[in-house]
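Visitor: from the sequence below, what's the structure:
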Amino acid sequence: MNKVFLVIQREYLSRVKKKSFLIATLLTPLIFPAIMGVFVWIAAEEMKNQELRVIEVVDETGLFFMESSEQYAFSSSAKSVEEAKTWVKEEKRYGVLYLPSLDLKDPQGIQFYGLENPSISLIGYLESALKRKIENQRLFNEGIDPEILQEIKTEVSIQSLTLQDSGEEVLTDASVNYGLGFLSGILIYLFIFLYGNQIMQGVIEEKSSRIVEILVSSLKPFQLMMGKIVGIGAVGLTQFLIWVILIFVLSSFVLSFLGMQMPQQQALEMANPEAMAMAQNQGDLTSMLQVIHGIDFVSLIVSFILYFLGGYLLYGALFAAVGAAVDSPSDAQQFMFPITIPLIVAYLGLFVFVLQDPNSTTSFWLSIIPFTSPIAMMGRISYGVPFWELALSLGLLAVGFLFTTQVAAKIYRIGILSHGTKPSYKLLWKWIRSK
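Guide: From the prediction side, this is the model:
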């Protein structure tokens with residue numbers, strides 16, 4: 001056991017002390033918000049400095065008047081389409097919107113002419129505006145006042161509450177649960193791939209440089225494999241915990257700088273009747289704070305750590321086995337396919353089934369089967385999962401890890417000292433069956 005610990009210590013310290021690890025760990029929580037901030041600023045500056053684009057409307061129906069916006073101005077005249085096109089070519093107009101005589105029940109033949117391909121936002125804006133105007137005109141032709149119909153339209157908002165065993169009613173929001181499930185599932189997927197590949201690359205490098213032959217002279221191949229898997233896994237866990245702390249500290253600092261409070265603090269204040277009375281006008285903000293307050297972030301983080309470790313250990317053993325069986329990264333590609341298939345299934349299942357309906361039969365089985373459960377279950381946890389399902393999923397994940405470790409150990413034991421042999425699935429099966 002002491003030898004395994006030494007390997008873990010070596011793998012952990014050799015990576016944590018690298019400048020690349022420190023830079024990636026410290027900058028990752030900053031780089032994505034910074035990029036988004038830059039994009040928002042650039043978009044705002046472009047909107048501010050963008051010239052008003054004038055579009056000539058040639059309306060043969062005589063029914064429609066296009067309202068101008070901050071970005072587009074509409075000009076109508078008795079000019080023909082060809083005359084309007086000439087203005088576009090002379091750059092007197094940005095484009096021409098041609099409205100021929102239309103059958104309002106089936107409006108066909110509407111065209112836009114310009115010197116450049118119009119953006120999807122412009123076409124969407126024009127289609128939406130014309131759709132409303134055609135619908136209003138049809139209502140008017142039927143003797144129905146569109147304004148009365150508009151007044152009848154009513155916004156309906158359904159408040160979702162979950163009944164707890166204790167009798168407590170917890171306010172929930174599907175969009176918040178979706179976001180948490182999406183983020184957790186994607187992080188698990190990325191971490192397994194990232195650190196699993198690090199295991200494989202490390203094993204291949206040591207095997208190619210013959211360092212492994214020195215190492216196995218003082219410890220068993222299984223001890224070397226487990227030490228490498230656990231050591232690199234500890235690096236990933238350290239990186240994740242640093243990210244959680246950094247994000248929490250930075251969020252607190254930014255919110256306090258802006259004169260705001262953390263959602264948990266505001267939610268606690270909302271429990272005060274006087275504060276609740278003052279917050280009646282805040283509407284959606286108050287509801288969102290109550291939803292955030294109702295989420296058990298401690299359980300969410302603990303579950304993330306458990307599923308990250310379980311999924312990483314399960315797949316890490318397989319990545320180590322592939323690294324031991326081959327002599328170069330190019331040879332490893334053929335053996336990566338069976339490993340990545342379950343991960344891709346879990347990734348696609350997260351979007352198609354789990355996040356759409358976390359309580360469906362397919363979502364349940366995806367979160368129970370060990371090869372897909374780390375990603376699928378993290379997509380379900382924010383919605384609330386019965387304890388027995390969570391226990392069953394983690395238990396089967398542990399069994400899956402033991403199974404893959406046993407299989408990987410047999411391949412690792414023989415493959416780590418094999419050189420110059422082109423491995424095949426038949427050869428790997430022979431190694432697995434050996435005693």
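
Visitor: find the nearest non-adjacent residue to Lys92, please.
Guide: Closest residue to Lys92 apart from its sequence neighbours, by C-beta to C-beta, 6 or more residues apart in numbering: Val54 at 8.0 Å. C-beta here means a position set from N, CA and C on the backbone, and glycine is covered the same way.

Visitor: tally of neighbours for Arg336?
Guide: Not quite, residue 336 is Met, not Arg. 16 (other C-beta atoms under 10 Å).

Visitor: can you check Leu122 too?
Guide: Neighbours of Leu122 under the rule other C-beta under 10 Å: 18.

Visitor: could you dump the strand or helix carrying it to CSV, C-alpha only?
Guide: Assigned by DSSP states H and E, Leu122 belongs to helix 120-141. Taking C-alpha atoms only, helix 120-141 is exported to CSV below (Å, rounded to 0.1, in the frame of the first residue of the first chain):
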residue,chain,number,x,y,z
ILE,A,120,-30.7,35.8,-40.2
SER,A,121,-31.8,38.5,-37.6
LEU,A,122,-33.0,40.8,-40.4
ILE,A,123,-35.0,38.1,-42.2
GLY,A,124,-36.5,37.0,-38.9
TYR,A,125,-37.4,40.5,-38.1
LEU,A,126,-39.1,41.1,-41.5
GLU,A,127,-41.0,37.7,-41.3
SER,A,128,-42.2,38.3,-37.8
ALA,A,129,-43.4,41.8,-38.6
LEU,A,130,-45.2,40.7,-41.8
LYS,A,131,-46.8,37.7,-40.1
ARG,A,132,-48.4,40.0,-37.5
LYS,A,133,-49.6,42.5,-40.1
ILE,A,134,-51.1,39.8,-42.4
GLU,A,135,-52.9,38.2,-39.4
ASN,A,136,-54.3,41.5,-38.3
GLN,A,137,-55.5,42.3,-41.8
ARG,A,138,-57.2,38.9,-42.0
LEU,A,139,-58.9,39.6,-38.7
PHE,A,140,-60.0,43.0,-40.0
ASN,A,141,-61.4,41.4,-43.2
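
Visitor: which helices and strands sit right next to whichever strand or helix holds Ile42?
Guide: Element membership for Ile42, per DSSP H and E: helix 19-49. Helix 19-49 sits against helix 221-257, with contacts defined as 3 or more C-beta pairs under 8 Å, 6 or more residues apart in numbering; DSSP states H and E.

Visitor: what about the helix it packs on, average pLDDT?
Guide: In this model, helix 221-257 has an average pLDDT of 76.

Visitor: only the buried residues of that helix, if you could.
Guide: By 16 or more other C-beta atoms under 10 Å, the buried positions in helix 221-257 come out as 221-237, 239-240, 246.

Visitor: below-threshold pLDDT in the chain: ranges please.
Guide: Along the chain, segments meeting pLDDT under 70 span 1, 32-33, 47-50, 157, 159-174, 210, 212-217, 250-295.
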